[in-house]
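Visitor: Here's a sequence, model it:
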Amino acid sequence: MNNPDISAEDNRLTTPGDANETGRQFNLSQVSSQLTHQINDLLGAAEEPNPTLRNLLTQLQQAIEAEPDLSDAQKAQALLDVAELATAGQAIDQAHMQQLAKHSIKALQNITSPLPESASLIVACQDLLPQLTDIFEL
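Guide: Prediction:
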């Protein structure tokens, strides 16, 4: 499904910054759908460098989508950061991909930092982000 407001050039998803609230909700759905396809396409079971990575990214995506304390714009940005992790997962041993992963993990930490300690995404990130850090050898 092609949406002119969302692009996946260079395996990266982007959304327009000036969308209205209704547009953001639509875009969030589109970003989520495209991320699911990206995780499945980029981390196909036969070629996946680390089978755990696909599972961790899927869990992280689900935690972001379910977090009631994030706005749709914050969710979309967090999902874009997960998409960057999926991209980086294609060449974990390359320095520039490790930098991309490091940047994405830091961005996810920044997005979650204002959330209450009891937020489900905080709990998920406390479990998932250290595992991702280990996979990318950061």
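Visitor: Next, work out how far apart residue 123 and residue 58 are.
Guide: 17 Å (Cβ to Cβ, to the nearest Å). (Each C-beta comes from the backbone N, C-alpha and C, glycine too.)
Visitor: higher neighbour count, those two?
Guide: residue 58 (17 against 12; other Cβ atoms under 10 Å).
Visitor: now the strands for this structure?
Guide: Using DSSP state E, no strands are assigned anywhere in the chain.
Visitor: ok now stretch 30-41, how far from the chain's centre?
Guide: 10 Å (Cα atoms, centre = their mean, to the nearest Å).
Visitor: Would you check how far apart residue 106 and residue 89 are?
Guide: 17 Å.
Visitor: and these two? which has more neighbours close in?
Guide: Neighbour count, other Cβ under 10 Å: between residue 106 and residue 89, residue 89 has more, with 24 against 13.
Visitor: Show the pLDDT at the most centrally placed residue in the chain.
Guide: Nearest to the mean C-alpha position of the chain, by Cα atoms, centre = their mean, lies residue 82 at 1.4 Å. If you check residue 82, the pLDDT there is 95.
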